[in-house]
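1. A predicted structure for the sequence below; I have some questions about it.
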Amino acid sequence: MDLDLYQNIDEKAKAIIKETAPLKKEEKAIDFGDLIEKPLFLDEAQPLNKTKDYLNAATGWVYACASVICDEVAAIDLHLYKKTNKGIEEQLSHPILDLLYRANDFTTKFDLFWLTQQYLELSGEAPWYLVKQGGKITDILLLRPDLIDVIPGKDTYIDGYKYRVNQGKTIQLEGEDVLFLKVPDNTRPFRGRGTLQAIVKTVDIDNFSEDFNRNFFYNSAMPGSILKTDQKLTQETKKYLEFHIKRLYKGIDNAHKAMILEQGLDWKPMQMSQKDMDFLEQQRFSRDKILGIFRVPRTALGITDDVNRANAEATDYVFAKRTIKPKMQRLIEQLNEFLLPQFPDSENLFLSFTDPVPENLDNKLNYYKTGLSSGFLTINEVRKEENLEGIGPEGDQIFIPFTVNPIGQIKEQKQIDGLIQKQLSARNRKTNEKQSNKERIEKTLTEKLTPIVKQLLGRTLKKQGKKKSAETDKDINQKFWEAKIFKTDSFEKKWIEKMDEIFNDQSAKVLNIMPEKAASDDIKKWLLDKKKETKKTQKTFKPLMGSIIKEGGKDGFILLGLDDDLDLSNPIVQNFLEERSFQFSEEITEETNDKLGKTLSDGVANGESIPQLRKRVETIFDEMKKYRSERIARSEVIRASNYGTEQAYKESGVVEAKIWLTAFDERTCEYCADMDGKTVDLDENFADKGDTIAGFAVDYEDVGAPPLHPNCRCTIIPKVKS
């Protein structure tokens with residue numbers, strides 16, 4: 001390793017890296033074949049009793065348990081927050097985040113936390129050496145716990161540490177330069193205690209049984225034995241027999257050879273058989289005990305005996321809550337207490353992490369529904385809980401059921417016409433939820449918000465009258481865009497689900513027709529039938545596209561203050577629906593076949609086997625589900641929705657032009673920002689094929705309404721006739 005490449009590493013750190021002896025694994029397993037004269041071998045095995053032994057014990061079920069815990073802990077995102085007069089604010093940039101996410105020039109955050117957690121599981125200790133330049137921490141080096149000694153102090157709890165390196169050398173480390181992460185040991189206040197130390201006997205038994213089985217096969221699948229004879233053998237004869245038995249009958253290659261015995265020699269087994277030892281049951285018992293003490297469910301290791309979806313989700317929940325979260329909490333608290341204070345101006349800062357415990361979404365949705373309908377939650381409070389932006393002043397208001405009265409009193413009921421302002425805001429939440437949860441929750445919120453938005457938009461426009469057109473009221477435009485996005489988000493989810501179903505079906509078709517042997521001229525036979533797949537895809541998406549167009553039309557009528565629905569039987573609408581659904585379906589099939597043809601051609605040219613080619617097919621469809629489904633859904637849903645809105649403007653008879661309305665959020669691109677406010681006649685295009693907008697070339701088709709590009713979220717508003 002060229003340590004001169006790492007400019008931030010001081011000389012002491014270089015010595016630690018360069019001279020630390022590698023952890024020596026047992027060079028050679030005990031060869032029980034060499035113990036032919038020793039009937040018992042357990043005395044030769046070495047039980048675990050030292051820190052080095054614990055680190056070496058990361059094999060078998062111990063490694064599996066520690067590894068799955070390390071994977072989960074290392075994958076958790078870290079967050080830094082600051083306490084202010086306004087509440088808790090997340091800090092997206094800070095030196096401590098830079099340090100933790102890049103510990104040094106050869107260690108990432110994932111690797112640092114992975115190996116740290118493994119050391120904690122095996123030995124209960126994970127010392128971090130804090131490399132400093134000018135009093136500033138620049139790097140973190142994870143030290144071997146079996147090579148570090150604590151130096152107790154007289155005036156201080158710990159004076160420092162000694163770290164042993166090659167050839168008996170020792171490096172003195174200052175106490176303030178070492179962050180000694182540990183799991184407390186009730187018998188050794190300066191040291192830690194790992195999970196492995198609680199199950200050493202069980203691990204020993206598991207290791208011994210595996211060694212026994214290994215040597216059973218190594219010795220030709222024959223148990224230990226003795227050679228018996230009534231004659232007295234000389235020393236030379238004994239050595240001769242031992243040598244030839246080893247050479248002719250020892251080892252797997254010599255298994256089941258017939259043994260020829262002379263001079264009255266008789267072979268006698270002197271150990272129990274594999275069946276007598278019942279190794280399978282013993283190993284299963286040891287496995288379950290090891291998993292239990294590590295608090296790792298069998299499903300986490302891919303053991304699926306007696307597993308269904310319900311209990312698998314339950315065990316994942318328990319694993320995250322009872323195992324992963326407490327371990328991460330211990331790490332974060334130690335970092336907050338002993339690492340963060342070493343950074344300047346850190347008094348009001350604290351580290352936290354994304355909660356690994358999956359949330360019970362059904363309970364949460366029921367809570368939100370009850371809160372919205374009963375009046376103890378506002379829409380903006382619910383959105384804030386989910387880290388979503390508010391929808392404006394009306395989102396801070398609630399409905400109060402008119403049937404609510406104090407107990408013991410009966411009063412004349414008065415219907416509440418308006419909305420009551422709620423003064424208390426929701427408490428701050430630090431947890432970031434997964435995108436899939438947001439989508440399901442937003443679907444529920446949409447059902448609650450749509451009537452409110454309709455009421456507000458309709459009431460406002462009626463008060464303004466026809467003289468004030470919609471394009472002059474930014475607040476109304478924003479509410480219109482937000483209401484439309486609420487709807488399109490729910491349609492996008494449905495679209496993605498159907499796209500994934502299509503891709504799954506196509507993947508199965510391709511894999512089913514692939515033969516056992518491949519030739520270059522077979523590739524065309526493996527591709528999708530373009531005509532059939534286009535027809536099937538169109539049949540799947542045409543009804544959904546029609547529903548989106550209808551809802552888009554309803555949005556347009558609402559903005560105009562009209563209570564009307566778009567006529568889907570209109571020949572113009574029907575023609576668009578037929579042509580667009582066919583064009584979309586054909587393009588999807590062609591693009592899929594192009595990708596399949598290219599990857600399969602490359603595979604055949606490389607001489608790959610059918611399993612390798614099948615893997616290529618699976619990879620293509622996995623990538624399409626991961627990336628293409630969402631991109632396609634956003635583009636097609638906003639296209640159909642805006643088409644419906646445009647048709648509503650035309651059918652109303654009161655709109656003379658359409659105006660491009662750019663999205664009201666931080667995701668607006670420079671191209672759409674340049675289009676914002678552009679006004680054209682209803683029958684004109686915002687851009688023709690071949691035009692250039694802010695450097696963006698429109699090279700695919702005319703743009704009569706958004707989208708301008710993939711993932712575009714813009715819409716159109718009307719310019720009403722005077």
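-> Here it is on my side, so go on. Numbers count the residues shown, from 1 in each chain.
2. for the stretch 1-150 of the chain, what spans make up the strands?
-> 78-84, 87-91, 102-104, 107-108, 125-133, 136-142, 148-152 (DSSP state E, counting those that start in this stretch).
3. against I171, how distant is the residue nearest to the spatial centre of the chain?
-> When Cα atoms, centre = their mean is applied to the chain, the residue found nearest the centroid is A75 (7.6 Å). Counting by Cβ to Cβ, to the nearest Å, the gap from A75 to I171 is 33 Å. Using the backbone N, CA and C atoms, a C-beta is placed for each residue, glycine as well.
4. repeat for G135
-> Plainly put, G135 is 20 Å away from I171 if you go by Cβ to Cβ.
5. ok, now L339?
-> Counting by Cβ to Cβ - L339 and I171 are separated by 21 Å.
6. show me how the chain divides into domains.
-> Annotated domains of the chain cover 359-404+417-465, 469-654 [automatic domain parsing].
7. so which of those domains is the most packed in?
-> domain 469-654 (a mean of 17; mean count of other Cβ atoms under 10 Å).
8. quick check: mean pLDDT across that domain?
-> The average pLDDT within domain 469-654 is 84.
9. what do you get for stretch 164-183?
-> If you average the pLDDT over stretch 164-183, you get 89.
10. report the contact partners of L544.
-> By Cβ atoms under 8 Å, 6 or more residues apart in numbering, the contact set of L544 is F491, K494, W495, K498.
11. element containing the first one, please.
-> It stands for F491. Assessed by DSSP states H and E, F491 sits inside helix 474-513.
12. helices and strands around that helix, which ones?
-> Here helix 474-513 touches helix 435-464, helix 523-526, helix 530-559, helix 571-605, helix 610-623, helix 629-652, strand 655-661, strand 715-720, going by 3 or more Cβ pairs under 8 Å, 6 or more residues apart in numbering; DSSP states H and E.
13. can you tell which of the ones you listed is closest to V698?
-> Among those, strand 655-661 comes nearest to V698, with 13.5 Å by Cβ to Cβ.
14. thinking again about what came up before, compare G135 and I171 (neighbour count), which wins?
-> It is I171, of G135 and I171, that has more neighbours when counted by other Cβ atoms under 10 Å, with 19 against 7.
15. confirm that that one sits in a helix.
-> No. Per DSSP: H, G, I helix; E, B strand; the rest coil, I171 lies outside any helix segment and is strand.
16. tell me the SS of the closest residue to it other than its chain neighbours?
-> Leaving aside its chain neighbours, I171 sits nearest to Y163 (4.6 Å; criterion: Cβ to Cβ, 6 or more residues apart in numbering). Of the three states, Y163 takes strand under three-state DSSP.
17. around Y163, how many other residues sit close by?
-> 23.
18. kindly provide the distance from it to E125.
-> Distance, Y163 to E125, using Cβ to Cβ: 13 Å.
19. equivalent analysis for Q342, please.
-> To E125, Q342 is 20 Å away according to Cβ to Cβ.
20. then E586?
-> According to Cβ to Cβ, E586 and E125 sit 63 Å apart.
21. and if you look at L142?
-> For L142, the distance to E125 - Cβ to Cβ - is 11 Å.
22. got it, and L179?
-> Counting by Cβ to Cβ - L179 and E125 are separated by 11 Å.
23. out of these two, which sits in the more crowded spot?
-> Neighbour count, other Cβ under 10 Å: between L179 and E125, E125 has more, with 26 against 18.
24. touching, that one and P145? I think so.
-> Yes. Counting by Cβ atoms under 8 Å, P145 is a contact partner of E125 at 3.8 Å.
25. what's the closest non-adjacent residue to I137?
-> Excluding the flanking residues, the one nearest I137 by Cβ to Cβ, 6+ apart is L130, at 5.0 Å.
26. what sits against that neighbour?
-> Applying Cβ under 8 Å, 6+ apart to L130 gives the contacts I137, D139, I140, D177, V178, L179, L339, Q342.
27. what's near enough to touch the closest residue to T323 other than its chain neighbours?
-> Once flanking residues are discounted, T323 sits nearest to R295: 4.3 Å by Cβ to Cβ, 6+ apart. Listed by Cβ under 8 Å, 6+ apart, the contact set of R295 reads F319, R322, T323.
28. apply 10 Å and report the result again.
-> C65, I69, T195, V318, F319, R322, T323, I324, P326, K327 (Cβ atoms under 10 Å, 6 or more residues apart in numbering).
29. okay if I get those residues as TSV plus distance to A483?
-> Output for those, formatted as TSV (distance: Cβ to Cβ, whole Å):
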residue	distance to A483
C65	50
I69	46
T195	53
V318	41
F319	41
R322	43
T323	43
I324	40
P326	43
K327	44
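30. ranges for the helices of the stretch 151-300 of the chain?
-> For the stretch 151-300 of the chain, the helices defined by DSSP state H, counting those that start in this stretch occupy 200-218, 235-249, 274-277, 279-294.
31. between the ones you listed, which gets the lowest average pLDDT?
-> helix 274-277 (a mean of 50).
32. still on that earlier bit, leaving out sequence neighbours, find the closest residue to the residue nearest to the centre of the chain.
-> Once flanking residues are discounted, A75 sits nearest to F110: 7.1 Å by Cβ to Cβ, 6+ apart.
33. contacts only, for the one you found.
-> For F110, the contact set (Cβ under 10 Å, 6+ apart) comprises C70, D71, V73, A74, A75, I76, Y101.
34. select only the buried ones of those residues in ChimeraX?
-> Applying 16 or more other Cβ atoms under 10 Å to the contacts of F110, the buried members can be selected in ChimeraX as follows:
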select :70,73,74,76
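35. list the beta-bridge partners for D149.
-> Under DSSP bridges, the beta-bridge partners of D149 are K162.
36. that one - how many residues pack around it?
-> By other Cβ under 10 Å, 12 other residues sit near D149.
37. what pLDDT does it get?
-> We note a pLDDT of 91 for D149 in this prediction.
38. you'd agree D691 is up against D699?
-> Yes. In this structure D691 lies within contact range of D699 using Cβ atoms under 10 Å: 9.2 Å.
39. between those two, which has more neighbouring residues?
-> Taking other Cβ under 10 Å, D691 and D699 do not tie; D691 has more neighbours (14 against 9).
40. skipping adjacent residues, who's closest to the more buried one in space?
-> Nearest to D691 is V698, by Cβ to Cβ, 6+ apart, at 4.7 Å.
41. what about the one you found, neighbour count?
-> Counted with other Cβ under 10 Å, the neighbours of V698 add up to 19.
42. so it touches G704, yeah?
-> No. The pair V698 and G704 does not pass the contact test of Cβ under 10 Å, sitting 11.6 Å apart.
43. what do those two both touch?
-> Joint contacts of V698 and G704 (Cβ under 10 Å, 6+ apart) are N685, F686, A687, D688.
44. any chance of these in CSV, with pLDDT too?
-> Formatted as CSV, these follow (pLDDT from 0 to 100):
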residue, pLDDT
N685, 89
F686, 89
A687, 87
D688, 87
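45. now, which of those sits nearest N363?
-> F686 (45.9 Å).
46. grab the nearest non-local neighbour of that closest one.
-> The shortest distance from F686 to any non-neighbouring residue, by Cβ to Cβ, 6+ apart, is to V703 (5.0 Å).
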